[in-house]
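1. Sequence and predicted model, in that order:
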Amino acid sequence: MKIVALALGLVLVVEGLAFALAPSRMEDLVALIARIPPEVRRLIGLAMLGAGVLLVWLARRLGAF
């Protein structure tokens, strides 16, 4: 449970930082994402999911937690 809380906290920090530093750029990014076809967004999401799993596995393998 500690790891889930840590991961969620890190996501919120990164997301909050992006919105705090460049809110108008975030609006542009949302508009850009809306123009991408759903199939491509799904593939991007799956790739990000895979990269996240790989990073968690690597961190555990290297003894980060």
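-> Sure, I can see it. Residues are numbered from 1 along each chain as shown.
2. Now do the longest helix seen in the chain, average pLDDT.
-> Assignment by DSSP state H gives helix 38-61 as the longest helix of the chain. Summarised as a single mean, pLDDT over helix 38-61 is 94.
3. what distance separates that helix from the middle of the whole chain?
-> Distance, stretch centre to chain centre, for helix 38-61: 9 Å (C-alpha atoms, centre = their mean, to the nearest Å).
4. And for stretch 7-14?
-> That offset, for stretch 7-14, works out to 9 Å (C-alpha atoms, centre = their mean).
5. List the contacts of the longest helix of the chain.
-> The contact list for helix 38-61 (C-beta atoms under 8 Å, 6 or more residues apart in numbering) reads 33, 36, 65. C-beta: built from backbone N, CA, C; applies to glycine.
6. Could the C-alpha coordinates of it be exported in PDB?
-> As requested, the backbone C-alpha atoms of helix 38-61 are provided in PDB (Å, rounded to 0.1, in the frame of the first residue of the first chain):
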ATOM      1  CA  PRO A  38      -8.800   7.000 -30.700                       C
ATOM      2  CA  GLU A  39      -6.900   4.000 -32.000                       C
ATOM      3  CA  VAL A  40      -3.600   5.900 -31.900                       C
ATOM      4  CA  ARG A  41      -4.400   7.200 -28.400                       C
ATOM      5  CA  ARG A  42      -5.000   3.700 -27.300                       C
ATOM      6  CA  LEU A  43      -1.700   2.500 -28.700                       C
ATOM      7  CA  ILE A  44       0.100   5.500 -27.000                       C
ATOM      8  CA  GLY A  45      -1.600   4.500 -23.800                       C
ATOM      9  CA  LEU A  46      -0.600   0.900 -24.100                       C
ATOM     10  CA  ALA A  47       3.000   2.000 -24.800                       C
ATOM     11  CA  MET A  48       3.000   4.200 -21.800                       C
ATOM     12  CA  LEU A  49       1.600   1.400 -19.700                       C
ATOM     13  CA  GLY A  50       4.300  -0.900 -20.900                       C
ATOM     14  CA  ALA A  51       7.000   1.700 -20.200                       C
ATOM     15  CA  GLY A  52       5.600   2.200 -16.700                       C
ATOM     16  CA  VAL A  53       5.600  -1.500 -15.900                       C
ATOM     17  CA  LEU A  54       9.100  -1.800 -17.200                       C
ATOM     18  CA  LEU A  55      10.300   1.100 -15.000                       C
ATOM     19  CA  VAL A  56       8.600  -0.400 -11.900                       C
ATOM     20  CA  TRP A  57      10.200  -3.700 -12.600                       C
ATOM     21  CA  LEU A  58      13.600  -2.100 -13.200                       C
ATOM     22  CA  ALA A  59      13.300  -0.100 -10.000                       C
ATOM     23  CA  ARG A  60      12.400  -3.200  -8.000                       C
ATOM     24  CA  ARG A  61      15.200  -5.200  -9.600                       C
END
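7. Good, we can wrap up now.
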